[in-house]
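# predicted model and sequence follow; I will ask about them next.
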Amino acid sequence: MSSTISDADIAAVIDSDQNRLVSPDGSRVARAIFSSEEIYQRELAEIFGKCWLPLGHESQLPRTGSFFTTFMGEDAVIVSRGRDGQIRVHLNACSHRGAKVCLEDTGTANTFTCPYHAWTFANDGRLVGVTFEEQYYKNPPLDKGKLGLTPVAQVDTIHGMIFATFDPNAVPLREALGGMVPFLDAIFDRREGGMEVVGQPVKWRIPTNWKIYQDNFAGDEYHIGFTHGSSLEAIRFSDEQFLAGLVHCAVDGGHGFAANFDPPDGSEPYLPLNQPVEAFSPETREYMQSCLAEAEERVSAIHLRCQLAAGTVFPNWSLLPIFHTFRVCHPKGPNEIELWAYTFVDRDAPEHVKRELAGYYNFSFGPAGIVEQDDGAIWESITRTAQGTQGSRGFSSYEMGAGTEYWHEGLGCWMTDKLSEAAQRSFFREWSRRMEGGK
Amino acid sequence: MSTEMLQTTETGTCTAGTPGELVDMAAWFEVQRFLTEEARLLDHRCYEEWLALFTEDMRYWVPARKVRMISGKPGDRAVDLELSADGEPCVLDERLPQLQLRVFRMQTARLLWCDNPPGRVRHLITNVEASYTDKPDELAVRSNFLVPHARFDEKGTQFHGERQDILRRTGGSFKIASRKVVLDSTVIWSPAVTTFF
Ligand code: FES
Ligand SMILES: [Fe+2]
């Protein structure tokens, strides 16, 4: 891999207002950050090593002993529900020599036995069995209490969504999500029973840098009519009409999204979750309508009417609630990502509604979705550009609507009234702040 | 591409027999020929003709797969236990209208960024086994596939797995009434699945 970035360039993030990797307003971003190995290593430490990262949902851990495995940055972790019902997160690495102790995607287990020398760990992380301990670990004895699986620093949930961080000093989850919380309420907390994840995530690889994906999800509605032109033609979707109804929101902390905003002045009825309702059966439409009153009671009226179309929660959680999916983007080196797409539905919805809503996603999104198919190769080409000696010296433009963001008091976020790159600027500003050590 | 190639004679071989039993040589030959020609339609990007090989009530299903440990219990090695259940998130689960839209979309070449310039693909279909079902006009057919896919100047990727088809005798030819595609990978190592299996 070619990489022309030097330590001096990285230092420029910190030291100089000229030639910064990200300009102060986030509107100009050095292409080098989309391919540099040095930058990537620093991201693993400063971003994936310190931020709250999304791991999955409580509904994936239905009983005590339930577990699933995932990644935090490039570190494999086990997320498990102990006998006490508590959810814990540990590195999926044996304390003896580091072999993986859990080899499956999901399941139920009271203990994990390492395949190398068969040390056994309880699903709360304690080392409970050492092979031949009596014979060979008498003198000197082994302090098993110190040899449990390595726990992450903090675990917390919001609306059942499980997050963890490696940073003991990270601010609490709700504080890190900050202004995103009421928007998350409006997606995941509309009903008493909340939501549940259906089945397992669908996973695929794209040879691109993780930030290119996240910046797209944060607020790149600009590309839709062109990149996805063939799909829009096939489903007779009017891009211009869609764009005309959009606002962009930038939430402090690097989060951002596009939304359909109908302020609650009573003049406009609004659709539940911005669904293209004609796609659904009458029963499902009726279900969606019938849930509105409950949502009105539970969620702030203005946030309910600022319906997130697509968005990024810093650093690697993306939301596409219209299609009942959220994604986690796992970095796999500076030039590769693995996407995990989850499907979610209201837990208390009737079974046939759940099935219809869950099934709606596949045709358009996922690795074979007629919309999403188009993105991957383009994102890959951006990474390739950034690998070139000259290409890596270039800059990417995020200037659309720069400076037109205004603070919306009711929503508690920055906003542009029309299509802009405000959300992406917010994402890169936070990236820059984090890379400078969080100042 | 002549559709006659896909026809079998009216007096063609019988699709009826003891359910579960392998078909006779003549029927196997017909199935083999049908699958080979289907593969060529995909390799040569003849999507409209390919679509015509499906019945009205067809289903094309590609479940997702997960990594799972097995126990010593009988039946616990079954591949199906690694696959997403019916109705769970999967790679594709389509009926004819969706497949038609996909193929219709492929005609809008100007904006087809996922496959223009088009990927280059080979459907290598092997290990064909056909057996009778309890329906006199339907055969259950399994085949293995290896599908190398290359695009641009890249070395590309390979998809492989098993297809479980129901082929229905209609007139002198077969149509695909259902296809379940069992992929061998739990992660799709490709930015997009733009071919069919
Ligand atoms: S590495 Fe796990 S027991 Fe030795
Ligand atoms: Fe896109």
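That came through fine. Numbers count the residues shown, from 1 in each chain, chains lettered A, B, ... in the order given. Ligands and ions are numbered 1, 2, ... in the order given.

# residue 23: what's it in contact with?
Reading this off chain A. The neighbourhood of A:S23, defined by Cβ atoms under 8 Å, 6 or more residues apart in numbering or on different chains, consists of A:V29. Placement of C-beta: from N, CA and C, glycine included.

# switch to chain B, please.
Under the criterion of Cβ under 8 Å, 6+ apart, the contact partners of B:V23 comprise B:T13, B:T15, B:G17, B:V31, B:A130, B:S131, B:Y132, B:L139.

# next: B:R142.
Neighbouring residues of B:R142 by Cβ under 8 Å, 6+ apart: B:N127, B:V128, B:E129, B:A130, B:E162, B:R163, B:Q164, B:D165.

# what residue ranges in chain B score low on pLDDT?
Applying pLDDT under 70 to chain B flags the ranges B:1-14.

# then the stretch 251-400 of chain A?
Segments of the stretch 251-400 of chain A classed as low confidence (criterion: pLDDT under 70) are A:265-278.

# which element is B:G17 on?
In the assignment (DSSP states H and E), B:G17 maps to no helix and no strand.

# for A:A259, grab phi and psi.
Here the main-chain torsion angles of A:A259 (degrees, to the nearest 10) amount to phi -150, psi 160.

# what is the neighbour count of A:N123?
Other residues lying near A:N123 total 23 when counted by other Cβ atoms under 10 Å in any protein chain shown.

# what is the burial count for A:S238?
If you count neighbours by other Cβ under 10 Å, A:S238 ends up with 10.

# report the separation between it and chain B.
15 Å (Cβ to the nearest Cβ, to the nearest Å).

# same question for A:D124.
20 Å.

# how about the residue nearest to B:L35 when sequence neighbours are not counted, what does it touch?
If you skip the residues right next to it in sequence, B:L35 has B:I125 as its closest partner in space, 5.1 Å away by Cβ to Cβ, 6 or more residues apart in numbering or on different chains. Counting by Cβ under 8 Å, 6+ apart, B:I125 makes contact with B:L35, B:T36, B:A39, B:S143, B:N144, B:F145, B:R163.

# now, of these, which are buried?
Listed as buried from the contacts of B:I125 are B:L35, B:A39, B:S143, B:N144, B:F145, B:R163; burial here means 16 or more other Cβ atoms under 10 Å in any protein chain shown.

# ok so, going back, secondary structure element for the residue nearest to B:L35?
Taking DSSP H and E as the definition, B:I125 sits inside strand B:124-132.

# chain center to that strand: distance?
On the basis of Cα atoms, centre = their mean, to the nearest Å, the separation between the geometric centre of strand B:124-132 and that of its chain is 11 Å.

# most widely separated two among the contacts of B:R142?
With distance counted by Cβ to Cβ, no two of the contacts of B:R142 lie farther apart than B:A130 and B:E162, which are 13.9 Å apart.

# what is the subsequent helix or strand relative to the helix of greatest length in chain B?
Ranked by number of residues, the top helix in chain B under DSSP state H is helix B:25-43. Using DSSP H and E, the next helix or strand after helix B:25-43 towards the C-terminus is helix B:47-51.

# could you check whether that next one is close to chain A?
No - in terms of Cβ under 8 Å from any Cβ of the partner chain, no part of helix B:47-51 sits within range of chain A; the closest distance is 13.0 Å.

# chain center to that helix: distance?
Taking Cα atoms, centre = their mean, the mean C-alpha location of helix B:47-51 is offset from the chain mean by 13 Å.

# residues making contact with it?
Counting by Cβ under 8 Å, 6+ apart, the neighbours of helix B:47-51 from elsewhere in the structure are B:M1, B:T3, B:E38, B:L41, B:L42, B:L99, B:Q100, B:V103, B:M106, B:F196.

# neighbours of residue 119, how many?
Because you didn't say which chain, this covers chain A. Counted with other Cβ under 10 Å, residues neighbouring A:W119 total 24.

# right idea, wrong chain: chain B
Under the criterion other Cβ under 10 Å, the count of neighbours that B:G119 has is 20.

# for the closest residue to it other than its chain neighbours, list the residues it contacts.
Once flanking residues are discounted, B:G119 sits nearest to B:R151: 4.3 Å by Cβ to Cβ, 6+ apart. Contact criterion Cβ under 8 Å, 6+ apart gives A:A377, B:P117, B:P118, B:G119, B:R120 as the residues in contact with B:R151.

# want to throw those into JSON lines with secondary structure and distance to A:Q135?
Supplementary listing: the contacts of B:R151 in JSON lines, determined by DSSP: H, G, I helix; E, B strand; the rest coil; distance: Cβ to Cβ, whole Å:
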{"residue": "A:A377", "secondary structure": "helix", "distance to A:Q135": "58"}
{"residue": "B:P117", "secondary structure": "coil", "distance to A:Q135": "65"}
{"residue": "B:P118", "secondary structure": "coil", "distance to A:Q135": "65"}
{"residue": "B:G119", "secondary structure": "coil", "distance to A:Q135": "59"}
{"residue": "B:R120", "secondary structure": "strand", "distance to A:Q135": "61"}
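
# what bridges to the closest residue to B:L22 other than its chain neighbours?
Spatially, and ignoring its direct neighbours in sequence, B:L22 is nearest to B:S131 (5.2 Å; Cβ to Cβ, 6+ apart). On DSSP bridges, the residues paired with B:S131 through beta bridges are B:L22, B:A140.

# my guess is B:S131 contacts B:D165, does it?
No - using Cβ atoms under 8 Å as the test, B:S131 is too far from B:D165 to be in contact (11.3 Å).

# ok, A:V155 - how many residues close by?
Neighbouring residues of A:V155 were enumerated by other Cβ under 10 Å; the total is 18.

# now do B:D153
Taking other Cβ under 10 Å as the criterion, the count of residues near B:D153 is 6.
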